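K.L.:
sequence and predicted structure are below.
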Amino acid sequence: MSIDSPARPAASASEDTAYVSRTLDPVTFEVLKNAFATSVDLMSEQILRTCYAFVIYSRDFSSALCDAQGNTVMQGSQDIAVHVGTLHFQCKAVLELFQDDIHPGDVFAINDPYRGGTHFNDVSFIRPIFVEDEIIGFAQNKGHWADIGGSVPGSFDVNAKEHFGEGLRIPAVKIFDRGVFRYDVGALLVENTRSPEVALGDLHAQSEATSMCEREVLRLVERYGKDTVVEAMAEVQDYVERIVRKRVAELPDGTWTTTDYLDADMGKAEGLVPITVTMTIRGDQVLYDLDGSAPAVSSFLNSGCGTTFSAIYAGTKTFFPDIPLNSGFYRAVDADIGPEGTVVNAGWPYAVTGFCSGPYEKLMNAIFELWSQIVPERALACCFNLEYLLVGGRDARVEEQPYFMWYDWMAGGWGGRATKDGSGATAPVFGVGLAVQPLEGQERLSPVITSSHSLAVDSGGPGRFRGGVGIEKGGVLTDATNTVMSYCCDRARSITWGMGGGLPSIPHGVWLNRGTERETFLGSVFSSVPVESGDSFVRPSAGGGGYGDPLERDIHAVVEDVIDGYVSIERAAKDYGVVVHAVDAELDEYEVDQSATQELRYQIRADRRGWLQEDPADVARRYRAGEIDLLDMIRRYGVIVDWGSGELYEETTRQFRETLMRRSAGHWG
């Protein structure tokens, strides 16, 4: 499957990146280009002030202005990456399904991942913008509804194999008809959720937000005229395409390939699930091919076509940060995602809700790795994986015991870079606009108390430039009944990797009642685990992978990491070969044993390749016996086990060691 080429002709790569007009003068062009951005951002501000769901308030939404053909003219300045590259697909789906039955005052709702959407929770509202009897554009807002029905609270059922257990599918329906709200359609949508009042509030908030964009565009039409505004919409896209093509044309032609992995295909033999990305630069065009990616998995960790294109666009855009994003960018980036039935192009009726923690960020990180070879000064190691923890049931603090959904995601670490450490405790690459949810707001809305929320020591992947650190967060369930817990994540086995000699981070996973007789490691992907009042849980987010050989890290930088609480004294020695002694930890006074450090670094250099050759079964036995710890397993021996029981994953270990040899050991001097 390959995205259709746009109708407008491509600009020559030899053109200057400055504005080149067909009809508009440069001043008018700049004014309208920025006015389009303002119209979209005003839509976003409206959403923040009127939404009902806490998850939308925490910025899990995006907005866009599209032209009359559904092509994206402008997206919001704080949109989350996952919505990039999907909004125009949904607008085109409305055009295809309704054709001539589109009128002033109409608003359409759609969440269909098989028509270019993300997952069922992400509901878009699309309003046509008319001037007289002609459509000149569409205003669109997409927001994540905390629940869209399905078999579990929050609608994240890991065990779903087909979409029927994931929630309500909205192919495209008219929710406002010529300005009149269709109560029957609205009721059909919201009554299929566990919080219909919240869903109805967000339905109206999102619909009304699109009218804000419409008013701004019509104001521009009144001032500049319809033809000028329409031409500016086209020229803004051409402008972006021209810049991208010129930048790409300056790069060397060639083909590059890499593979990242999902942890496992549930119900099948253990082993990592490959997602293979081949990128070709040919002249002024970037081409991607996902041939070699695995068949669709038997869980909800599949990706639909829209989200796969989104990952490709967002991953590529990361290396062109100064260029605006619209459909002009998409013209210069083409992709063949293969036939339906794969993990990156699942198609109907495969379950796809977990794409966000599944293929999406694996694709982005693979693309980061490829572009790091082409633009090494912008190199970026693997970033932590998006994770969602959902606790849902009945809130016993209230007499009526209404449904509640404690819906949580965490910040984490990005990969080490070519010249500096990775960003720590920040939003995922999935959605850099996502905000950390206020704990006080969570506790007011749900019977869950946050018991801890702190930096995860030693979570940043070791490297010459360290990966950013992750977070550890714990909670306690208070007054609740009929409650279950679900977790959507990955990278408990395909652990966030380093690059250019750097080492991995830490595994994801949730512990229930840790430190008690009922301690259980639930893993990184599960659904509908019963929990009750008094149960506690804790999970870390990974840090980023390290970049460059950790034995080449500046000794003083390691000491500063110890002072800041990013690295423990133990791991400073094991990972960096730096022997640090605490003189007065309360005053942050530490000293380095220089001779011991020199000797230890020499010894690690001599031994570390041999560690990766040791018998995995023996290494796993030593782990179960407590002779070595979890980070030794990952960073020294490259052995992957069930982190609760210590059971060896033999095939996973073989694959993980291969990636360590390629990305890490292969770069050690």
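P.N.:
Great, that's in hand.
K.L.:
for the rest of this, base every contact and every neighbour count on C-alpha atoms.
P.N.:
Will do.
K.L.:
next one: residue 629 relative to residue 345, how far apart?
P.N.:
38 Å (Cα to Cα, to the nearest Å).
K.L.:
and those two? which has more neighbours close in?
P.N.:
More neighbours surround residue 345 than the other of residue 629 and residue 345, with 28 against 12 (other Cα atoms under 10 Å).
K.L.:
for that one, phi and psi?
P.N.:
Main-chain torsions, residue 345, degrees, to the nearest 10: phi -150, psi 70.
K.L.:
which of the helices or strands spans the closest residue to residue 77 other than its chain neighbours?
P.N.:
Nearest residue to residue 77 in three dimensions, chain neighbours excluded: residue 41, at 6.7 Å (Cα to Cα, 6 or more residues apart in numbering). Assigned by DSSP states H and E, residue 41 belongs to helix 26-50.
K.L.:
what's that helix packed up against?
P.N.:
helix 54-57, strand 61-67, strand 72-75, helix 196-224, helix 226-249 (3 or more Cα pairs under 8 Å, 6 or more residues apart in numbering; DSSP states H and E).
K.L.:
give me whichever of these is most buried.
P.N.:
Most buried of these, by mean neighbour count (mean count of other Cα atoms under 10 Å): strand 61-67, with a mean of 30.
K.L.:
which other helices and strands does the helix-or-strand element of the chain with minimal mean pLDDT contact?
P.N.:
Lowest by mean pLDDT, DSSP states H and E among the helices and strands of the chain is helix 54-57, with a mean of 88. Counting contacts by 3+ Cα pairs under 8 Å, 6+ apart, helix 54-57 packs against helix 26-50, strand 134-144.
K.L.:
hmm, 7 Å instead?
P.N.:
strand 134-144 (3 or more Cα pairs under 7 Å, 6 or more residues apart in numbering; DSSP states H and E).
K.L.:
partner strands of the strand it packs on and their direction?
P.N.:
strand 61-67 (antiparallel), strand 122-131 (antiparallel) (DSSP bridges).
K.L.:
give the other helices and strands that the next helix or strand after that strand contacts.
P.N.:
Once strand 134-144 ends, the next helix or strand along the chain (criterion: DSSP H and E) is strand 173-177. Contact here means 3+ Cα pairs under 7 Å, 6+ apart; on that basis strand 173-177 packs against strand 107-110.
K.L.:
avg pLDDT for the strand it packs on?
P.N.:
Averaged across strand 107-110, pLDDT comes to 98.
K.L.:
strands paired with it, and their directions?
P.N.:
strand 122-131 (antiparallel), strand 173-177 (antiparallel).
K.L.:
what's the distance between the residue of the chain positioned farthest from its centre and residue 193?
P.N.:
In the chain, counting by Cα atoms, centre = their mean, residue 595 sits farthest out from the average C-alpha position, at 44.0 Å. For residue 595, the distance to residue 193 (Cα to Cα) stands at 64 Å.
K.L.:
please apply the same query to residue 274.
P.N.:
Distance from residue 274 to residue 193, by Cα to Cα: 35 Å.
K.L.:
same question for residue 601.
P.N.:
Taking Cα to Cα, one finds residue 601 at 58 Å from residue 193.
K.L.:
where are the low-confidence patches of the stretch 501-650 of the chain?
P.N.:
Applying pLDDT under 70 to the stretch 501-650 of the chain picks out no residues at all.
K.L.:
quick one: the strands in it?
P.N.:
510-512, 520-523, 525-531, 536-540, 580-584, 589-592 (DSSP state E, counting those that start in this stretch).
K.L.:
give me the contact list for the fourth one.
P.N.:
Which is strand 536-540. Defining contact as Cα atoms under 7 Å, 6 or more residues apart in numbering, one finds that strand 536-540 is touched by 456, 470-477, 508-514.
K.L.:
just to revisit the earlier point, so for residue 415, which of the helices and strands packed on helix 26-50 sits nearest?
P.N.:
Between residue 415 and the helices and strands packed on helix 26-50, the tightest spacing by Cα to Cα is seen for helix 226-249, at 24.2 Å.
K.L.:
just checking, what packs against the closest one?
P.N.:
By 3+ Cα pairs under 7 Å, 6+ apart, helix 226-249 packs against helix 26-50, strand 72-75, helix 327-331.
K.L.:
could you dump the ones you listed to CSV with mean pLDDT and distance to residue 402?
P.N.:
Formatted as CSV, the helices and strands packed on helix 226-249 follow (pLDDT from 0 to 100; distance: least, Cα to Cα, whole Å):
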stretch, mean pLDDT, distance to residue 402
helix 26-50, 95, 22
strand 72-75, 94, 36
helix 327-331, 95, 43
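K.L.:
so which bits of stretch 577-594 are buried?
P.N.:
577-580, 590, 592 (16 or more other Cα atoms under 10 Å).
K.L.:
now do stretch 39-52
P.N.:
Going by neighbour count (16+ other Cα under 10 Å), the buried part of stretch 39-52 is 39-44, 46-48, 50-52.
K.L.:
which pair of those residues spans the longest distance?
P.N.:
39 and 52 (22.0 Å).
K.L.:
show me the contact partners of stretch 187-201.
P.N.:
51-53, 145, 147-149, 168, 403.
K.L.:
list the contacts for the residue lying closest to residue 210 once chain neighbours are set aside?
P.N.:
Of all residues not flanking residue 210 in the chain, residue 139 sits nearest, at 5.3 Å (Cα to Cα, 6+ apart). Applying Cα under 7 Å, 6+ apart to residue 139 gives the contacts 64-66, 126-128, 210, 213-214.
K.L.:
beta-bridge partners for residue 139, please?
P.N.:
Note on residue 139: beta-bridge partners by DSSP bridges are residue 65, residue 127.
K.L.:
go on, residue 122?
P.N.:
residue 144.
K.L.:
and stretch 60-77, end to end?
P.N.:
13 Å.
K.L.:
first-to-last residue distance for stretch 71-85?
P.N.:
End to end - Cα to Cα - stretch 71-85 spans 10 Å.
K.L.:
got the contact list for the least confident helix or strand of the chain?
P.N.:
Residues contacting helix 54-57 (Cα under 7 Å, 6+ apart): 48, 51, 143-144, 146.
K.L.:
and of the residues you listed, the nearest to residue 502?
P.N.:
For the contacts of helix 54-57, the closest approach to residue 502 (Cα to Cα) belongs to residue 144, at 35.6 Å.
K.L.:
for residue 633, state which of the contacts of residue 139 is nearest.
P.N.:
For the contacts of residue 139, the nearest to residue 633 is residue 64 (45.8 Å; Cα to Cα).
K.L.:
who's in contact with the closest one?
P.N.:
40, 72, 74-76, 139-141.
K.L.:
do you know how far it is from residue 89?
P.N.:
Residue 64 is 12 Å from residue 89, by Cα to Cα.
K.L.:
for the stretch 1-150 of the chain, give me the ranges with low pLDDT.
P.N.:
Using pLDDT under 70, the stretch 1-150 of the chain drops low at 1-22.
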